[in-house]
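K.L.:
sharing a sequence plus its predicted fold:
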Amino acid sequence: MPRESVLPVRGASCRHLCKLYSYFPAPYHPFLPPLQDKMKLIILDHYSQASEWAAKYIRNRIIQFNPGPDKYFTLGLPTGSTPLGCYKKLIEYYKNGDLSFKYVKTFNMDEYVGLPRDHPESYHSFMWNNFFKHIDIHPENTHILDGNAADLQAECDAFEEKIKAAGGIELFVGGIGPDGHIAFNEPGSSLVSRTRVKTLAMDTILANARFFDGDLAKVPTMALTVGVGTVMDAREVMILITGAHKAFALYKAIEEGVNHMWTVSAFQQHPRTVFVCDEDATLELKVKTVKYFKGEGRNIRIHNPFVYTPCSEDESTALPSCFLVNLRGVDAASSVVVPV
């Protein structure tokens with residue numbers, strides 16, 4: 001196909017444009033541009049839209065990677081309520097035939113110490129009940145720390161080695177707490193920490209009591225967790241932050257300096273961090289900060305519809321009348337104009 005070709009897709013929404021990748025022979029799939037050394041903040045109206053954006057991003061990254069028997073995509077994953085919407089969308093993509101996890105390896109962030117793996121509140125149970133059992137991932141390709149190992153530190157060291165053996169993490173997805181902790185790297189944690197045994201702070205134990213019938217005696221007091229340095233080693237990091245109760249943590253992560261009391265702030269120093277949030281999570285940010293990153297988001301919509309696709313038909317009407325699709329990700333000479 002000539003580079004100057006115009007694709008006749010008038011009236012198509014971004015949702016339809018995302019199907020265009022099948023039109024281009026490899027290596028012309030215009031899913032994503034080369035990753036930029038820049039932190040991004042993606043702001044969506046609601047939790048559901050933030051979840052869908054994150055799921056689409058993960059889907060597109062996996063497809064772009066083109067995994068196979070000798071080339072697995074390595075994905076770091078969190079637990080908690082925040083990623084549930086994202087997991088539901090990924091399951092939907094799998095069931096619709098839009099995504100396979102056959103050649104994906106996953107590494108989870110953490111696990112409680114001393115909790116049986118089949119306990120309803122263990123992170124093994126969480127991942128299998130909410131995600132793994134609904135997709136085509138092979139059990140041997142899922143990696144979750146064993147909180148009942150005879151030698152806990154040896155288990156942590158082995159986990160780090162498994163990540164290295166897999167070629168490192170391609171995309172690490174995480175969530176945070178209201179105090180800005182990621183995984184169980186609570187305030188005061190080293191920002192270069194590795195996978196280790198961690199004694200949980202009393203605030204964390206109190207917060208988790210709701211999952212154990214409000215009985216503090218049932219709440220685990222220790223956990224195994226990846227370190228901040230472990231996550232920082234990933235090629236790309238995506239952090240999901242939703243809800244007004246996490247607004248101050250997002251402010252600390254974005255607008256203030258790196259501080260071990262807010263471990264999420266460490267990702268200011270990662271060259272490829274994407275924060276995905278809803279409007280409620282931006283309540284503590286300065287107006288100019290929000291406007292700046294919303295402007296960045298519009299640029300993603302305009303120039304890279306395969307990265308950012310609308311979560312609803314209504315959003316597609318706000319997009320421009322054409323897209324400049326760069327086939328090689330190099331220069332305008334290798335682009336085509338796609339009218340809408």
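P.N.:
The structure has been received and is ready for your questions. Here the structure is a predicted model, which is why all the values come from computation and not from measurement.

K.L.:
list the contacts for C277?
P.N.:
L41, I42, I43, L44, A50, L240, I241, T242, L250 (C-beta atoms under 8 Å, 6 or more residues apart in numbering). C-beta coordinates here come from the backbone N, C-alpha and C atoms, glycine included.

K.L.:
burial count for the fourth one?
P.N.:
Look at L44: counted by other C-beta atoms under 10 Å, it has 21 neighbours.

K.L.:
my read: it touches E279, true?
P.N.:
Yes. Counting by C-beta atoms under 8 Å, L44 touches E279, with 7.5 Å between them.

K.L.:
so who does E236 touch?
P.N.:
L35, R61, E170, L171, F172, R272, T273, V274.

K.L.:
now list the buried members of these.
P.N.:
Neighbour counting with 16 or more other C-beta atoms under 10 Å marks R61, E170, L171, F172, R272, T273, V274 as buried within those.

K.L.:
hey, what's the last one bridged with?
P.N.:
V274 has these beta-bridge partners by DSSP bridges: K40, M238.

K.L.:
now it: how far from Y292?
P.N.:
15 Å (C-beta to C-beta, to the nearest Å).

K.L.:
ok, and the closest non-adjacent residue to the residue minimising distance to the centre of the chain?
P.N.:
Geometric centre of the chain, nearest residue: V173, 3.1 Å, by C-alpha atoms, centre = their mean. Nearest non-adjacent residue to V173, counting by C-beta to C-beta, 6 or more residues apart in numbering: M238, 5.0 Å away.

K.L.:
from C277, how far off is the one you found?
P.N.:
Applying C-beta to C-beta to M238 and C277 gives a distance of 11 Å.

K.L.:
picking that back up, neighbours around the residue nearest to V173, how many?
P.N.:
So M238, with other C-beta under 10 Å, has 24 neighbours.

K.L.:
ok, now W262?
P.N.:
Counted with other C-beta under 10 Å, W262 comes out at 21.

K.L.:
so it sits against A249, correct?
P.N.:
Yes. Contact status for W262 versus A249: in contact at 6.8 Å, counting by C-beta under 8 Å.

K.L.:
dump the longest helix along the chain to PDB, restricted to CA.
P.N.:
Counting residues, the longest helix in the chain under DSSP state H turns out to be helix 47-65. Taking C-alpha atoms only, helix 47-65 is exported to PDB below (Å, rounded to 0.1, in the frame of the first residue of the first chain):
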ATOM      1  CA  TYR A  47     -13.700   4.600  37.400                       C
ATOM      2  CA  SER A  48     -15.300   2.500  34.700                       C
ATOM      3  CA  GLN A  49     -13.600   4.500  31.900                       C
ATOM      4  CA  ALA A  50     -10.200   4.400  33.700                       C
ATOM      5  CA  SER A  51     -10.600   0.700  34.000                       C
ATOM      6  CA  GLU A  52     -11.400   0.300  30.300                       C
ATOM      7  CA  TRP A  53      -8.500   2.600  29.200                       C
ATOM      8  CA  ALA A  54      -6.100   0.500  31.300                       C
ATOM      9  CA  ALA A  55      -7.400  -2.800  29.900                       C
ATOM     10  CA  LYS A  56      -7.200  -1.500  26.300                       C
ATOM     11  CA  TYR A  57      -3.600  -0.400  27.000                       C
ATOM     12  CA  ILE A  58      -2.600  -3.800  28.300                       C
ATOM     13  CA  ARG A  59      -4.400  -5.500  25.400                       C
ATOM     14  CA  ASN A  60      -2.700  -3.400  22.800                       C
ATOM     15  CA  ARG A  61       0.700  -3.800  24.500                       C
ATOM     16  CA  ILE A  62       0.400  -7.600  24.500                       C
ATOM     17  CA  ILE A  63      -0.800  -7.700  20.800                       C
ATOM     18  CA  GLN A  64       2.000  -5.300  19.700                       C
ATOM     19  CA  PHE A  65       4.600  -7.400  21.500                       C
END
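
K.L.:
could you say what helices and strands that helix packs with?
P.N.:
When contacts are defined as 3 or more C-beta pairs under 8 Å, 6 or more residues apart in numbering; DSSP states H and E, helix 47-65 packs onto strand 40-44, strand 73-77, helix 84-95, strand 171-175, strand 236-241, strand 273-278.

K.L.:
quick one: that helix to strand 273-278, angle?
P.N.:
Going by axes from the mean of the first three to the mean of the last three C-alpha atoms, to 10 degrees, helix 47-65 is angled at 150 degrees with respect to strand 273-278.

K.L.:
what's the angle between helix 47-65 and strand 40-44?
P.N.:
Using the same axes, to 10 degrees: helix 47-65 against strand 40-44 is 130 degrees.

K.L.:
and helix 47-65, which residues are buried?
P.N.:
Under 16+ other C-beta under 10 Å, the buried positions of helix 47-65 are 47-65.
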